[in-house]
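# Here you go, sequence then predicted model.
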Amino acid sequence: MHKYFNPGRFVRFIDKTLPYVSVITCVCLVMGLYYALIDSPPDYQQGEYVRIMYIHVPSAWMALFIYSAMAAFSAASLVWKNPLSDMLAKSAAPIGACFAAICLVTGSIWGKPIWGTWWVWDARLTSMLILFFFYIGYIVLSGAYDNPVRSAKSCAILALVGFINVPIVKFSVDWWNTLHQPASILRQGGVSIAPEMMTPLLFMFAGFNMLFIMVLFVRVKCEFLSRKIDNKRLV
């Protein structure tokens, strides 16, 4: 299977698919923003403030998804010593950190008018903040070594340790009595959100997913070219 995870082969795949990914990303985001800002109704309790949800919730989903993907890439890097797995994990980390930061900032903006405060040390908020710190720690650690082998191993271990926090973030509202509202979509009993609000959420989630893939492809290609240049210098 190693030949299918060859960095050069993957970069050629990126060159072929990136234009299509970019177009799909733009379409999903434009549709999502249209439904979120124009077509969807205000909430009967939160009013227009509910529109923050269409950025906040998909950002939270992406922060958890990307870190889970990083943990999977890191496990593959430790087991098979494949450089592409390490490149994917390192390229994904700054993107995940951005989504986590967006989640925290929009959550604070949303919390002020609804909860009456910018921040509380709520289980969900605190665990998401810890996830953001794991992202930052991974990014800092990835640049702390000149030796790429040691860097890949250290970062992979940190990513796997930090993955313990992912289910804590997801289930914190179920395990503890928190100020943050419980899950409205992935929960027992089915979806509890209105269809006219679910549509923009799904479009924004699809758009953020495609945006992640698009930026990941660009970052992986840059990482590949950077390592190729560094190897030539060593020779």
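Great, that's in hand. No experiment lies behind these values; they were computed from the predicted model shown. Residues are numbered from 1 along each chain as shown.

# only C-alpha atoms for contact and neighbour calcs from this point on.
Noted.

# Low-confidence bits of the chain, can you list those?
For the chain, the stretches flagged by pLDDT under 70 are 1-4, 183-192, 230-235.

# cutoff 80 now
Across the chain, residues meeting the criterion (pLDDT under 80) sit at 1-5, 44, 146-148, 174, 176-194, 228-235.

# and residue 167, how many neighbours does it have?
Residue 167 has 12 neighbouring residues, counting by other CA atoms under 10 Å.

# OK, contacts around the closest residue to residue 60 other than its chain neighbours?
Closest residue to residue 60 apart from its sequence neighbours, by CA to CA, 6 or more residues apart in numbering: residue 103 at 5.4 Å. Neighbour list for residue 103: 55-57, 59-60 [criterion: CA atoms under 8 Å, 6 or more residues apart in numbering].

# Give me the distance between the two termini of stretch 26-45.
Here the two ends of stretch 26-45 are set 32 Å apart, with distance taken as CA to CA, to the nearest Å.

# so how far is residue 131 from residue 144?
20 Å.

# now, which of the contacts of residue 103 sits nearest residue 7?
Nearest to residue 7 out of the contacts of residue 103 is residue 59 (CA to CA; 28.5 Å).

# I figured the closest one was touching residue 95, is that so?
No. Between residue 59 and residue 95 there is no contact under CA atoms under 8 Å: 10.7 Å.

# rewinding a little: what about the residue nearest to residue 60, helix or strand, and which?
Secondary structure assigned from DSSP states H and E places residue 103 in helix 83-115.

# And the next helix or strand after that helix, what does it pack against?
Next helix or strand after helix 83-115 toward the C-terminus (DSSP H and E): helix 123-142. Packed against helix 123-142 by the contact rule (3 or more CA pairs under 8 Å, 6 or more residues apart in numbering; DSSP states H and E) you find helix 83-115, helix 148-162, helix 165-175.

# could you dump those helices to a markdown table with distance to residue 18?
Formatted as a markdown table, the entries for the helices and strands packed on helix 123-142 read as follows, by distance: least, CA to CA, whole Å:
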| stretch | distance to residue 18 |
| --- | --- |
| helix 83-115 | 16 |
| helix 148-162 | 26 |
| helix 165-175 | 29 |
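
# count of residues packed around residue 70?
By other CA under 10 Å, 27 other residues sit near residue 70.

# likewise residue 113?
12.

# What of residue 146?
Counted with other CA under 10 Å, the neighbours of residue 146 add up to 9.

# Pick out whichever of residue 59 and residue 95 has more residues nearby.
Set residue 59 next to residue 95 and count neighbours by other CA under 10 Å: residue 59 wins out with 25 against 22.

# name the element the more buried one belongs to?
Using DSSP H and E, residue 59 falls in helix 53-80.

# just so I know, which of the helices and strands packed on helix 123-142 lies nearest residue 201?
Across these, residue 201 has its closest neighbour in helix 83-115 (14.2 Å, CA to CA).

# sorry, back to before: can you list the buried residues in the helix holding residue 59?
If you call a residue buried by 16 or more other CA atoms under 10 Å, then helix 53-80 has these buried ones: 53-64, 66-78.

# related to what we said a few turns ago, could you check which of residue 144 and residue 131 is surrounded by more residues?
Higher neighbour count among residue 144 and residue 131: residue 131, with 26 against 13, using other CA under 10 Å.

# gap between the more buried one and residue 67?
Residue 131 sits 8 Å away from residue 67, going by CA to CA.

# next one: residue 107
Noted for residue 107: a distance of 19 Å to residue 67, by CA to CA.

# Great, nothing more from me.
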